[in-house]
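[1] sharing a model that was predicted from the sequence below.
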Amino acid sequence: ADLEQDMDTLKENLSVVKKTDDAQEMHTALGKMRQAAQDAKNSTPDKLEGQPADSAQIKDYHAGLDALIAQIDVVDKLAQASKLDKAKAG
Ligand code: HEM
């Protein structure tokens with residue numbers, strides 16, 4: 001997907017994550033966010049067009065996406081843990 005599509009996917013699924021009470025729905029939305037963040041690394045933002053792949057700007061861009069992916073993984077673990085709690089309580 002192109003970068004705009006990936007960003008739209010992030011935005012749409014972030015709003016699902018924020019409003020859902022369902023652990024499975026959250027897990028699915030986080031999975032889509034993770035995939036979009038990963039895919040965004042294959043794109044070069046317009047403002048970084050022409051920058052070499054090993055430039056500080058491109059590295060920062062990739063590091064920002066990696067930070068988001070790490071955050072997504074933390075939230076996903078919490079979501080799965082709460083699902084387990086619910087499963088135990090049920
Ligand atoms: C959950 C987190 C994020 C959300 C919800 C989000 C959302 C968006 C949205 C809605 C746009 C406008 C897209 C459009 O033009 O239609 C955008 C643009 C952009 N975002 Fe994100 N974003 C997120 C995280 C990030 C991260 C981590 C990076 C990089 C480190 C990033 C880099 C960019 C860039 C470079 C653009 C401009 C795209 C262009 O070149 O036209 N975003 N983002």
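    Yep, it's here.

[2] what's the pLDDT at the residue in the chain positioned nearest to the ligand?
    Of all residues in the chain, residue 64 sits closest to the ligand, with a separation of 2.4 Å (C-beta to the nearest ligand atom). Every C-beta, even on glycine, is put in place using the N, C-alpha and C of the backbone. Per-residue confidence for residue 64 comes out at a pLDDT of 98.

[3] ok, residue 90 next?
    pLDDT, read off for residue 90, is 67.

[4] check which helix or strand covers the residue of the chain closest to the ligand.
    helix 56-89 (DSSP states H and E).

[5] now do that helix: which elements does it pack against?
    Applying 3 or more C-beta pairs under 8 Å, 6 or more residues apart in numbering; DSSP states H and E, one finds that helix 56-89 contacts helix 23-40.

[6] helices or strands up against the helix it packs on?
    Under the contact criterion of 3+ C-beta pairs under 8 Å, 6+ apart, the helices and strands touching helix 23-40 comprise helix 3-19, helix 56-89.

[7] the helix or strand of the chain with the lowest mean pLDDT: which residues count as buried?
    For the chain, the helix or strand with the lowest mean confidence is helix 56-89, at a mean of 90 (criterion: mean pLDDT, DSSP states H and E). Buried residues in helix 56-89, counted by 16 or more other C-beta atoms under 10 Å: 58, 61, 65, 68, 69, 72, 76, 79.

[8] state the distance from residue 80 to residue 61.
    Distance, residue 80 to residue 61, using C-beta to C-beta, to the nearest Å: 29 Å.
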